[in-house]
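S.K.: Show me how the following folds:
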Amino acid sequence: MAKKIDLIHPALSYKIVGCAFRAHNALGGGQLEKYYQRALAESFKASDLSFKEQAYFPISFRNKTIGKNFIDFLIEEKVAVEIKAGTRYSRNHVLQTLNYLKVSDLELAILINFGKEEVSFKRLVNVQKDVPLA
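M.R.: So this is what the prediction gives:
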């Protein structure tokens, strides 16, 4: 019987989260989101991660593009990273990130919140995608 793999991209996730902590440790809390995004990009570069900023994914209906999505980061063509700066996650932050997973057809997204005191993150899995089996 096949067994489900518990974590999707665990080593890559660990590197991504480590980059977020390094960015937050350097900048401290209370910065604007755009500064965390710039610091995170530099941290990804220093960690030799390939990434795209503001990765474009169209919204389609009946084979026609009707809108645009821009994911903060696409890491190694495998993981979407969405960042926020604030005191907590909102339901809308989670729903937005889940929507990015749907339109990108990726398996995993990491939602990172740069708070005043700490960095927190949520791993979000695309439940509409087939789960890999061991």
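S.K.: doesn't residue 103 make contact with residue 65?
M.R.: No: applying Cβ atoms under 8 Å, one finds residue 65 not in contact with residue 103, separated by 11.0 Å. Yep, even glycine has a C-beta here, placed from its N, CA and C like the rest.
S.K.: shared neighbours, these two?
M.R.: Taking Cβ atoms under 8 Å, 6 or more residues apart in numbering as the contact rule, residue 65 and residue 103 both touch 58-59.
S.K.: who's more crowded, these two?
M.R.: Neighbours were counted for residue 65 and for residue 103 using other Cβ atoms under 10 Å; residue 103 has more, 16 against 9.
S.K.: Spatially nearest residue to residue 69, not counting backbone neighbours?
M.R.: Spatial nearest neighbour of residue 69, excluding adjacent residues (Cβ to Cβ, 6 or more residues apart in numbering): residue 57 at 4.6 Å.
S.K.: Please tell me I have it right and that neighbour contacts residue 65.
M.R.: No: Residue 57 is beyond contact range of residue 65, at 10.3 Å (criterion: Cβ under 8 Å).
S.K.: and the gap between the residue positioned nearest the centre of the chain and residue 63?
M.R.: Nearest residue to the geometric centre of the chain (Cα atoms, centre = their mean): residue 81, 1.5 Å. Separation of residue 81 from residue 63 (Cβ to Cβ, to the nearest Å): 29 Å.
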